[in-house]
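A.B. asks: pasting the structure only:
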């Protein structure tokens, strides 16, 4: 087996092993000031960092055409998708479509606010605090300015597919 074939096999096995850990599903939105457009993408690499000050992190592949948008100081919204929003997760994971077409958005507080998707489990209004090199990704550490918690059950990603949680107590 060649080195590249061996590496690909190991990368697939590594990805499959990571898939055993269920993650929440988010859509992150921001405004691309250079191209005068809204951007949005599905991300499952979201996590809390600190309560005081309130910090979260997420990561974006370095080959993303939207990487330049998320420089230090960029305002963005992290939407925790509800179990009823599988279609939105798929839509925002699809490149080269108008991701915001027919999506229910809340009225922005200002022209500088990124699009806010309606009906999510929670929204975090953030500012990029720092960016850290992380292999083939950039890890974005964001300061939470405010948040909304609406309460629908969350959408999760497990073993390469969307799932929902059974939150009944035993």
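C.D. replies: The structure has been received and is ready for your questions. Source: prediction; values computed, not measured.
A.B. asks: average pLDDT across the helix or strand hosting residue 141?
C.D. replies: Here residue 141 is covered by strand 137-149, with elements defined by DSSP states H and E. The predicted model assigns strand 137-149 a mean pLDDT of 96.
A.B. asks: From the contact counts, what lies against whatever helix or strand comes next after that strand?
C.D. replies: Toward the C-terminus, strand 137-149 is succeeded by strand 155-158 as the next helix or strand (DSSP H and E). Other helices and strands packing on strand 155-158, by 3 or more Cβ pairs under 8 Å, 6 or more residues apart in numbering; DSSP states H and E, are strand 23-24, strand 161-164. For the C-beta atoms, the positions are set from N, CA and C on the backbone; glycine is no exception.
A.B. asks: Quick one: mean pLDDT over stretch 24-38.
C.D. replies: This predicted structure assigns stretch 24-38 an average pLDDT of 92.
A.B. asks: do you know how far the residue sitting nearest the centre point of the chain is from residue 130?
C.D. replies: Closest to where the C-alpha atoms of the chain average out (Cα atoms, centre = their mean) is residue 43, at 2.9 Å. Computed as Cβ to Cβ, to the nearest Å, the residue 43 to residue 130 distance reads 17 Å.
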